[in-house]
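Peer 1: sequence unknown, structure follows:
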Ligand SMILES: NC(=O)C1=CN([C@@H]2O[C@H](COP(=O)(O)OP(=O)(O)OC[C@H]3O[C@@H](n4cnc5c(N)ncnc54)[C@H](OP(=O)(O)O)[C@@H]3O)[C@@H](O)[C@H]2O)C=CC1
Ligand SMILES: O=C1O[C@H](COP(=O)(O)O)[C@@H](O)[C@H](O)[C@H]1O
């Protein structure tokens, strides 16, 4: 079996009858996927490769699906195909036939984002394809993926509404996928939501946060609610602090202009890390229905207390402003540690420390749940380290519990060790799908569980808007830090002040295969 293929786990799986209730019914008929902004970076690097992988894995069928690229650039079908070819498959030489067949499904239409002619032409092309491919009983499904800057979302949505809606009498649907950033603060996000909300119903809108498509983020609900281990421990009586950390070991290379307008809080914390916080902190939903899950996420967000200035550390790496697209006096943070406090029965007093930074010493994203010390510890081992449960989203998916055990040998001494579930070892040969693949498949299946609902978005902006305005107004300044470092020293001081106790002397010996 090729490395890119999915393999079915031979052991019994969790998928039982309780999942079936919420499985979406598979639909037949013609599917048109329209990538708007097809000439751009996101489309080339993420959207088309995800579509290709879905095609290769049999989730998109050439007798049903057609893919349209739409953008202002005047290029031919073949020009677009050649632009994306190199991004589709690392093993393109082995899978060259698949690549060629997939590329033949793509057509390109050029037009502007705010006038009708281009969209009328697009509609004509889609309709022709529907007539040629639809079976008598099939419906027409149109999925519009906006790989575009948010400034053009409103005109593009207006044009889709006016010219390109599904017209089939046999049902089907029109769905819109929008990429972050969804606004810059509460006011702009609400304005954008209102503009788009006038054109499309909430069930037609899929606000994508690609972190929700990562394997171990999708595992969070299963871990929390399908394991007796965690149920009684997951609260303020046992957990001392939670860290959700994103680190990148490269700067804003090539994206300085975009990044400077947003900064690390809008780029990573307000969306990706906050979504993770919701899944870590939310109560058990009534069921696995998307609305039940999203209801619980909203409740957590609405329980977050206003952020205190003394629980924020900002940083900007040296050299960031050398980028010609970044203003000389930019106050934009490229690093931030922010402590969030959830005012509810489960989490009162437990700091949720969200940390994100660019140009740091490593690339990783993880969730670290640190437990309280054992009361009346007869082994006196608090100093060595506390129990921690770590979920590493990337690189190399893993979850491990750091715990105290007896040092093997004749003496009675203690040592920190781990219970380790490393995916590479445990699930050998299983290729973990890319976040975008899953999320696009969800949009086709009509499953909104892993997409951000409008009220969720509002609640998320409510948390960060006051802080962001103060940063934008220059009232809070970032500290400088060395590229390749851990970020500002003050961030580690804040971590310690919030209650995090660093483990000392813990050495991890990777298991050999
Ligand atoms: N299955 C696997 O792959 C496993 C791997 N390991 C590996 O073992 C190593 C140790 O694991 P672990 O202890 O969990 O992780 P780390 O040593 O990476 O980090 C432990 C904690 O200490 C913090 N920290 C690190 N340096 C400092 C500092 N100078 N001041 C304050 N805080 C600091 C980290 O923060 P921050 O996040 O900001 O760096 C993190 O919260 C890691 O490389 C880990 O990947 C361990 C167990 C299983
Ligand atoms: O949304 C974003 O995410 C990427 C990091 O995504 P990852 O899946 O590679 O972890 C980040 O580089 C980018 O700045 C941000 O806009």
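Peer 2: Perfect, I can see it now. Keep in mind it's a predicted model, so treat the numbers as computed, not measured. Ligands and ions are numbered 1, 2, ... in the order given.

Peer 1: dump the residue contacts of residue 248.
Peer 2: 357, 358, 359, 360, 363 (Cβ atoms under 8 Å, 6 or more residues apart in numbering). The C-beta positions use only the backbone N, C-alpha and C, and glycine is treated the same way.

Peer 1: so the second one sits against residue 262, correct?
Peer 2: No - with contact defined as Cβ atoms under 8 Å, residue 358 does not count as touching residue 262 (11.8 Å).

Peer 1: which one of the two has more residues nearby?
Peer 2: residue 358 (26 against 17; other Cβ atoms under 10 Å).

Peer 1: spatially nearest residue to the more buried one (excluding sequence neighbours)?
Peer 2: Distances taken as Cβ to Cβ, 6 or more residues apart in numbering put residue 334 closest to residue 358, at 4.6 Å, once the chain neighbours are dropped.

Peer 1: identify the residues contacting the one you found.
Peer 2: 251-252, 259, 263-264, 315-317, 320, 357-359, 478.

Peer 1: what does residue 158 give?
Peer 2: 114, 199.

Peer 1: next, count neighbours for the residue in the chain that ligand 1 sits nearest to.
Peer 2: At 3.2 Å from ligand 1, residue 508 is the closest residue in the chain, using Cβ to the nearest ligand atom. As a burial measure, residue 508 scores 11 neighbours (other Cβ under 10 Å).

Peer 1: where does the nearest residue to it once chain neighbours are set aside sit: helix, strand or coil?
Peer 2: The shortest distance from residue 508 to any non-neighbouring residue, by Cβ to Cβ, 6+ apart, is to residue 418 (6.8 Å). Here residue 418 is strand, with the state taken from DSSP: H, G, I helix; E, B strand; the rest coil.

Peer 1: residue 418 contacts residue 403, correct?
Peer 2: Yes - contact criterion Cβ under 8 Å: residue 418 and residue 403 qualify, at 6.9 Å.

Peer 1: contacting residues for the closest residue to ligand 2 within the stretch 201-350 of the chain?
Peer 2: Using Cβ to the nearest ligand atom, the closest approach of the stretch 201-350 of the chain to ligand 2 is made by residue 267 at 4.7 Å. By Cβ under 8 Å, 6+ apart, residue 267 lies in contact with 181, 259, 356.

Peer 1: just say helix, strand or coil for residue 69.
Peer 2: strand.

Peer 1: what number of residues lie near it?
Peer 2: Neighbours of residue 69 using other Cβ under 10 Å come to 28.

Peer 1: hey, what's residue 110 bridged with?
Peer 2: Bridge pairing for residue 110 (DSSP bridges) gives the partners residue 71.

Peer 1: what's the burial count for residue 411?
Peer 2: Neighbour tally, residue 411, other Cβ under 10 Å: 7.

Peer 1: what segments of the stretch 301-450 of the chain are helices?
Peer 2: Applying DSSP state H, counting those that start in this stretch to the stretch 301-450 of the chain gives helices spanning 423-426, 435-445.

Peer 1: got CSV for those helices, with mean neighbour count too?
Peer 2: Listed next are the helices of the stretch 301-450 of the chain as CSV, based on neighbours: other Cβ atoms under 10 Å:
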stretch, mean neighbour count
helix 423-426, 14
helix 435-445, 21
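
Peer 1: now render those helices as JSON lines, adding mean pLDDT and distance to residue 244.
Peer 2: Below are the helices of the stretch 301-450 of the chain laid out as JSON lines (pLDDT from 0 to 100; distance: least, Cβ to Cβ, whole Å):
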{"stretch": "helix 423-426", "mean pLDDT": "94", "distance to residue 244": "19"}
{"stretch": "helix 435-445", "mean pLDDT": "97", "distance to residue 244": "17"}
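
Peer 1: of the ones you listed, which is nearest residue 83?
Peer 2: Closest to residue 83 of these, according to Cβ to Cβ: helix 435-445, at 17.9 Å.

Peer 1: now for that closest one, which elements pack on it?
Peer 2: helix 48-56, strand 139-146, strand 172-179, strand 205-208 (3 or more Cβ pairs under 8 Å, 6 or more residues apart in numbering; DSSP states H and E).

Peer 1: now residue 38: how far from residue 144?
Peer 2: Relative to residue 144, residue 38 is positioned 12 Å away (Cβ to Cβ, to the nearest Å).

Peer 1: equivalent analysis for residue 479, please.
Peer 2: Applying Cβ to Cβ to residue 479 and residue 144 gives a distance of 42 Å.

Peer 1: ramachandran angles for residue 261?
Peer 2: phi -70, psi -20 (degrees, to the nearest 10).

Peer 1: check contacts around it.
Peer 2: Contacts of residue 261 by Cβ under 8 Å, 6+ apart are 184, 332.

Peer 1: now residue 69
Peer 2: Contacts of residue 69 (Cβ under 8 Å, 6+ apart): 35, 38, 39, 43, 80, 106, 107, 108, 109.

Peer 1: mind running it again at 6 Å?
Peer 2: Residue 69 is in contact with 35, 38, 80, 108, counting by Cβ atoms under 6 Å, 6 or more residues apart in numbering.

Peer 1: quick check: closest non-adjacent residue to residue 256.
Peer 2: Residue 256 sits nearest to residue 323 (Cβ to Cβ, 6+ apart), 3.5 Å away.

Peer 1: quick check: that neighbour touching residue 258?
Peer 2: No - if you go by Cβ atoms under 6 Å, residue 323 and residue 258 don't touch, sitting 11.0 Å apart.

Peer 1: looking at the two, which is more packed in?
Peer 2: Neighbours per residue (other Cβ under 10 Å) separate residue 323 from residue 258, with residue 323 holding more: 18 against 13.

Peer 1: which phi and psi does that one have?
Peer 2: Torsion angles, degrees, to the nearest 10, at residue 323: phi -60, psi 120.
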